[in-house]
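Engineer: got a predicted structure plus its sequence, pasted below:
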Amino acid sequence: MEPQDEQQHGDLALAARLPEDVLTDVLRRLAATPRWLAVSRSVCKEWRAIIDGESLLCTRLPFTGIFISLAVLPFPELFSRPSAPGRPAVSGKLHFLAPAVKVLPDGGCDWRGSHGIKDHCNGLILLRDYVVNPATQRWDRLPERPPKGMVRHSRCNEYLAFDHTVSSHYQVFRIPYLQPRCRFDNDYDPIEEASEWPPSCYILHVFSSRTSTWKERLFVRQGDAAGTVAETRQFSRRLLSVYWRGSLYVHCQNNFVMRLSLSEDKYNIIKLPMDTGRDPYLGLSQNGVYLASFVNHHLRVCIMDESSGHAQWILKNDYDLNPVKAFNRQVNGPWILEDINYHFVLSRLPKVNKEAVIRYRQKKKAVVQEKFEWNSDDDDFDEHEDIVEAHQHKYFDMEILGFHPYKEIIFLSRAENFKLNATGFAYHLNSFKLESLGSIYPTDYAKFDFGLPNESCYIYSFPYTPMY
């Protein structure tokens, strides 16, 4: 036995001699840090029995806000209500990572290292080169990726799987996305295009934080394929994933979700509802896996039902969007945008008026002091809002920001053309109540706009549940 193993064995033997009430008190002191309590739970059966019996490990992480990543911004933004006095401040700043943007001598910026969010799971976020826990400022750099794929004209999207109640380790999955066929490109193999997709034996590249390496992992399909390679090549703007009860649900292409059973190394295909509208959003809420999309000026919400052993989508309701469109006020609060991009980039540029920066920060500080914490367990939102009259517009760009993880509430945004004057809303799916939350429009956002068309200025967003 190695010296380190002997030391660990001795420590466990010493802990085993502690009276149960003393050991329980020691473990109870770890309740404030679920990550370490989850690690302790895996040490031995006795510790697991105490942690489960005393309900020390809280599986429900606090919901504190929404991370929003815009395509033209180098940093993600956190849209949330300021924390109440006495509670830890929640921030989306990633200043502890390598600089994402370099300010050039001529006043311009080098954007090539931007920290756009690719996925998230239970308090961890996946960036291009890192897996990060913003709450603890802990991070891991991902090693070099393996080759991208098995099919030509495809790319790989990456998805995060992490269960803080089981282990402190996480996994990153590289899943191929078949790009739409280009009519000007004839470099397609007819035999490959006619083959089924995904294949019955699906080999994926998976990174494990336990081994710090990428490895091939075989998943065997249960049931039918989604179709042929050619049929699956459909345009998809936003492909999300959710982790639910030991399985990773991945919206791989526009027409299906793939459910990966991580304990059995099996997968199955779940077709989307026939009447799914544009920009479907896959998320988690009170009753499991939800799907929302815009259909004929309505918001359609479905819930996945797997009670019979066969997954099917159950229609929750079609929700009228006219109240969102007719809303004619701009609300400053109760939620605020952290304005990370403004602080870390624009305020450092030589052309920025320093006095204007100081006035902005003073105003922001005053707003934070006036607001109090939104209780996500209370369906009654605060009515004391700082309201400013705004003009009615005929056209609005609407986005789904995400689902409340514990209540049947969906978060939406409504903006003028090119994401101007964007406002966040909470739509209660049971009471049909609509609440305005505040502006999600970043300060001086126009200075980041490089003339991209509106559809290119997309939003990637998700509810954030920090894990300390």
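Structural biologist: Nice, thanks for sending it over.
Engineer: what about the strands in the stretch 101-250 of the chain?
Structural biologist: In the stretch 101-250 of the chain, the strands defined using DSSP state E, counting those that start in this stretch lie at 102-103, 109-110, 119-121, 124-126, 130-133, 138-141, 154-162, 170-178, 196-197, 201-208, 213-221, 227-228, 241-244, 247-253.
Engineer: list the helices and strands the fourth one packs on?
Structural biologist: Translated: strand 124-126. The helices and strands touching strand 124-126, judged by 3 or more CB pairs under 8 Å, 6 or more residues apart in numbering; DSSP states H and E, are strand 119-121, strand 130-133, strand 154-162. Just so you know, the C-beta spots here come from the backbone N, C-alpha and C atoms, and that holds for glycine as well.
Engineer: the shortest one - contacts with which helices or strands?
Structural biologist: It refers to strand 119-121. Going by 3+ CB pairs under 8 Å, 6+ apart, strand 119-121 lies up against strand 124-126, strand 154-162, strand 241-244.
Engineer: give me the sheet partners of that strand and which way each runs.
Structural biologist: Next to strand 119-121 in the sheet, as set by DSSP bridges, lie strand 124-126 (antiparallel).
Engineer: distance of D320 from F207?
Structural biologist: Counting by CB to CB, to the nearest Å, the gap from D320 to F207 is 43 Å.
Engineer: neighbour count for the two, which is higher?
Structural biologist: F207 (23 against 14; other CB atoms under 10 Å).
Engineer: what sits opposite the nearest residue to that one once chain neighbours are set aside in the beta ladder?
Structural biologist: Distance criterion CB to CB, 6 or more residues apart in numbering; nearest residue to F207, sequence neighbours excluded, is V172 at 4.1 Å. Beta-bridge pairing for V172 (DSSP bridges): L160, F207.
Engineer: where do the helices sit along the stretch 1-150 of the chain?
Structural biologist: Secondary structure of the stretch 1-150 of the chain (DSSP state H, counting those that start in this stretch): helices located at 3-16, 20-28, 34-41, 45-53.
Engineer: hmm, back to that, now render the helices and strands packed on strand 119-121 as TSV, adding mean pLDDT and mean neighbour count.
Structural biologist: Shown next, in TSV, are the helices and strands packed on strand 119-121 (pLDDT from 0 to 100; neighbours: other CB atoms under 10 Å):
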stretch	mean pLDDT	mean neighbour count
strand 124-126	95	23
strand 154-162	93	19
strand 241-244	96	22
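Engineer: those: which one's closest to E216?
Structural biologist: strand 154-162 (13.2 Å; CB to CB).
Engineer: chain center to the closest one, what's the gap?
Structural biologist: Counting by CA atoms, centre = their mean, to the nearest Å, strand 154-162 is centred 13 Å from the centre of its parent chain.
Engineer: re the thing from before, quick one: closest of the helices and strands packed on strand 124-126 to D224.
Structural biologist: Going by CB to CB, the one of these nearest D224 is strand 154-162, 20.8 Å.
Engineer: helices or strands up against that closest one?
Structural biologist: In terms of contact count using 3+ CB pairs under 8 Å, 6+ apart, strand 154-162 is assigned the packing partners strand 119-121, strand 124-126, strand 170-178, strand 241-244, strand 247-253.
Engineer: any idea which of the helices and strands packed on strand 119-121 gets closest to Q253?
Structural biologist: strand 154-162 (10.4 Å).
Engineer: give me the angle between the closest one and strand 201-208.
Structural biologist: Relative orientation of strand 154-162 and strand 201-208, computed by axes from the mean of the first three to the mean of the last three CA atoms, to 10 degrees: 50 degrees.
Engineer: state the number of residues packed around the residue found closest to C182 once you drop the neighbours it is linked to in the chain.
Structural biologist: For C182, ignoring the flanking residues on the chain, the nearest one in space by CB to CB, 6+ apart is H153 at 7.7 Å. The number of residues packed near H153 is 18, by other CB under 10 Å.
Engineer: quick one: residues contacting H153.
Structural biologist: When contacts are counted by CB atoms under 8 Å, 6 or more residues apart in numbering, H153 is found next to 178-179, 181-182, 185, 187-188, 233.
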